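Enquirer: one predicted model, sequence on top.
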Amino acid sequence: MANASSEHRPKRILKFSATLLVLALLAYAAFLVSQSWRETKSDQSIQLATIADLSANAIDMYFTQLEIGMQNLGADLADMHNKRTHKKPDLDRAFKLVSRFQALHTELGNVVLIRSDGQILLTGKIPNSRDLPTLANDPAFMRFRGELLQGHSFAIGQPVLGHIDERWVISARHAITDRSGKLAYILSANLPADMLQRYWIDSTVPRITALGLIRDDGYPVGRYPEPDDASMDRMYGKPAEGAMVEYLRANNYPQRGQVEMRGSDGKIKNLLVMRRLQHYPVTLFV
């Protein structure tokens, strides 16, 4: 009879390889962007469009791979919940599953298992403990819980100041339901706010002043260059405003967009190019 761990090893290797592939893709996209600058620097709009296309495709693939991984982990946790004895989940088993997932996704700051009422049960590094905080009175928790209750099993959340990470994080969240379809747990994978910037650093070229992601509600999901510490709360703590947000709303969040910002003399001062991610309600801007 085959050993259980050996049966799961190919799946773990496959998941790990896929994650490395997507991260490598982000880095490769940055390399192609820098190359495209040298080849198309005579036409700024073409160059910006190239950056936007490459970056949006790479990030969409990364989020897709992360979603698949979280769905697989969520299925294991849901099975554990449905098979629990004496109405108590096996949190020791849950900790092993979450820890293994976090070990495979080294780009994540933390992976957190939250009960539907907001109680943090454990993280990929901290087993279940009475000392873990609750998010029951946290407005940000109530907002993203509401998003998941609307039927979205996976969501890229707005930035939050992590209770465990103690820094600004962008959380990818997956809803775990019981047999009746009721929300049982929320799995939160916390991406450091500067994670995507690591792959954008090599994409910045002359005359490019900003590159980032924004949700439909106006909250940013990462930006390069990142502001100083004094400006972090202002940037991540409230929705963005301005020409880009107005354009997206007025055009019902198009797949592709471009805005020319003109000075008082009527000349183009800045050019903004946007690409909506294929599978997520998030727009990349350059």
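Expert: Received, thanks.
Enquirer: what segments of the chain are strands?
Expert: Here the chain has its strands, by DSSP state E, at 110-115, 120-123, 154-156, 160-161, 168-177, 183-192, 211-215, 220-224, 256-262, 268-276, 282-285.
Enquirer: where among those is the average confidence lowest?
Expert: Note on the strands of the chain: lowest mean pLDDT is at strand 160-161, with a mean of 79.
Enquirer: pull the residues that contact that one.
Expert: Contacts to strand 160-161, defined as CB atoms under 8 Å, 6 or more residues apart in numbering, come from residues 140, 167-169, 171. In short, each C-beta sits where N, CA and C put it, glycine included.
Enquirer: show me which of those residues are buried.
Expert: 140, 168-169, 171 (16 or more other CB atoms under 10 Å).
Enquirer: among the contacts of strand 160-161, which one sits closest to residue 259?
Expert: Taking CB to CB as the measure, residue 259 lies nearest residue 168 of these, at 26.8 Å.
Enquirer: nearest to residue 106 among the contacts of strand 160-161?
Expert: residue 169 (15.3 Å).
Enquirer: residues near the residue nearest to that closest one when sequence neighbours are not counted, how many?
Expert: Closest residue to residue 169 apart from its sequence neighbours, by CB to CB, 6 or more residues apart in numbering: residue 190 at 4.0 Å. By the criterion of other CB atoms under 10 Å, residue 190 has 26 neighbours.
Enquirer: how about residue 125?
Expert: Neighbours of residue 125 (other CB under 10 Å): 14.
Enquirer: surely the residue nearest to residue 169 and residue 114 touch.
Expert: No - if you go by CB atoms under 8 Å, residue 190 and residue 114 don't touch, sitting 11.4 Å apart.
Enquirer: below-threshold pLDDT in the stretch 51-200 of the chain: ranges please.
Expert: Within the stretch 51-200 of the chain, the segments meeting pLDDT under 70 span 82-87, 165, 198-200.
Enquirer: one more pass at 90, please.
Expert: 51-59, 61-62, 65, 78-90, 104-110, 130-131, 137-153, 157-171, 178-182, 191-200 (pLDDT under 90).
Enquirer: do a quick rundown of the helices in this structure.
Expert: 4-40, 44-82, 91-104, 139-149, 197-200, 229-236, 243-250 (DSSP state H).
Enquirer: out of the contacts of strand 160-161, flag the one nearest to residue 285.
Expert: residue 168 (19.0 Å).
Enquirer: mind checking how far the residue nearest to that closest one when sequence neighbours are not counted is from residue 161?
Expert: Of all residues not flanking residue 168 in the chain, residue 193 sits nearest, at 4.4 Å (CB to CB, 6+ apart). Residue 193 is 10 Å from residue 161, where distance means CB to CB, to the nearest Å.
Enquirer: out of the two, which sits in the busier spot?
Expert: Per other CB under 10 Å, whichever of residue 193 and residue 161 has more neighbours is residue 193, with 23 against 15.
Enquirer: so what's the more buried one up against?
Expert: Residue 193 touches 159, 167-170, 222, 226, 232, 236, counting by CB under 8 Å, 6+ apart.
Enquirer: alright, that wraps it up for me.
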